[in-house]
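[1] Structure for this input, please:
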Amino acid sequence: MESYVYGVRRALPPEFQEFNDLKHTAILSIDMHQGHLADTPDCPCPAPRGREIIAPVDEFHASARKTGVPVIHIRSVLRKNGVDDIKGVKSAWRMTFPLHVGDIPNADEHAIEGSRWTEFVTEVGPDDLVVSGKKRLSPFFATDLDFLLRQMGTKVVVIDGGMTDCCILNAAFDASNLGYRVIVARDLVRGTDEHLEDAALAMVSLHLGLVMDAADIDAMWRDGVAG
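    Below you'll find the model as predicted:
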């Protein structure tokens, strides 16, 4: 097994084999929906760097299904009346992120239930699982994700999607704190920019789990099936 440690690819010692547990692994694919990835001016929370991983994520998931690894798609969904956010206690990112990117014209529509912005852009297979209702940066907060994973007997989570320096990083922190082994697919996550992507992945590699290329994760699983 090889992983990136502070951006440098390294062979891992034998004790890291516990991250290679095919029968107890699940993929968490975070926020790959229209609200971030639509290529239109009214996209309420645009994450344009994420569009380049749509096809690779689909390919990775297709391969995972063949090896028996379940795929869990996670999406942000807020109640229509806004009480979860803009008309309740507003998410901090709505105040801070515009300081960097400027005004986001349609931001109030982000993740509103029933809207096109909650529709997945990546493929959802017939046997895939969906966790809806993510309301803040972590997919574990105010959702049943942890309950679902424990019902499935999951011990290792492989994370892809967006955004690396935001929801991916929060997912990795919470998953690790809850006792899961964490792998982040380095080439299947995207963030605000390359600088913050690299910083977030470095943090994961030092404190939370493994940062691996999708091809290496896939090869690890296929070796497990063959074995």
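[2] From here on, just use CA atoms for contacts and neighbour counts.
    Fine.
[3] Report the rounded mean pLDDT for stretch 134-150.
    Mean per-residue pLDDT for stretch 134-150: 98.
[4] Oh, that last question was meant for stretch 87-103, not what I typed.
    97.
[5] Backbone dihedrals for the nearest residue to residue 94 once chain neighbours are set aside, both of them.
    Distance criterion C-alpha to C-alpha, 6 or more residues apart in numbering; nearest residue to residue 94, sequence neighbours excluded, is residue 107 at 7.9 Å. Note on residue 107: its backbone torsions stand at phi -60, psi -30 [degrees, to the nearest 10].
[6] residues near residue 107, how many?
    16 (other C-alpha atoms under 10 Å).
[7] show me the contacts for it.
    Residue 107 sits next to 43-45, 94 when contact means C-alpha atoms under 8 Å, 6 or more residues apart in numbering.
[8] Let me see the ranges of the helices in this structure.
    Using DSSP state H, the helices of the chain run over residues 34-37, 54-66, 93-96, 98-101, 145-152, 169-177, 194-207, 214-226.
[9] possible to save the ones you listed as a markdown table with mean neighbour count?
    Output for the helices of the chain, formatted as a markdown table (neighbours: other C-alpha atoms under 10 Å):
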| stretch | mean neighbour count |
| --- | --- |
| helix 34-37 | 25 |
| helix 54-66 | 17 |
| helix 93-96 | 12 |
| helix 98-101 | 9 |
| helix 145-152 | 14 |
| helix 169-177 | 21 |
| helix 194-207 | 18 |
| helix 214-226 | 15 |
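[10] Show residues contacting the longest strand along the chain.
    Counting residues, the longest strand found in the chain (DSSP state E) is strand 181-190. Contact with strand 181-190 is made by 19, 49-50, 53, 56-57, 155-164, 168, 172, 175-176, 197, 201, 204, 208-214, 217, as judged by C-alpha under 8 Å, 6+ apart.
[11] What average pLDDT does that strand get?
    98.
[12] At the geometric centre of the chain, which residue do we find?
    residue 30 (3.3 Å; C-alpha atoms, centre = their mean).
[13] tell me the contacts of that residue?
    73-75, 139, 159-162, 167-168.
[14] what's the answer for residue 117, then?
    Counting by C-alpha under 8 Å, 6+ apart, residue 117 has contacts 33-36, 43-44, 109-111.
[15] Repeat that for residue 164.
    Here residue 164 is in contact with 189-192, 196-197, 200-201 (C-alpha under 8 Å, 6+ apart).
[16] returning to what we had before: chain center to the longest strand of the chain, what's the gap?
    8 Å (C-alpha atoms, centre = their mean, to the nearest Å).
[17] Same check on stretch 144-158?
    Distance, centroid of stretch 144-158 to centroid of chain: 14 Å (C-alpha atoms, centre = their mean).
[18] Just the endpoints, please. Distance across that stretch?
    By C-alpha to C-alpha, to the nearest Å, the extent of stretch 144-158 from end to end equals 18 Å.
[19] how about low-confidence regions in this structure?
    226-227 (pLDDT under 70).
[20] okay but residue 205 is in contact with residue 6, surely?
    Yes. Residue 205 lies in contact with residue 6 (C-alpha atoms under 8 Å); the separation is 6.2 Å.
[21] Spit out the contact partners of the spatially closest residue to residue 54 that is not a sequence neighbour.
    Spatial nearest neighbour of residue 54, chain neighbours left out: residue 122 (6.0 Å); criterion: C-alpha to C-alpha, 6+ apart. Applying C-alpha under 8 Å, 6+ apart to residue 122 gives the contacts 32-33, 54-55, 57-58.
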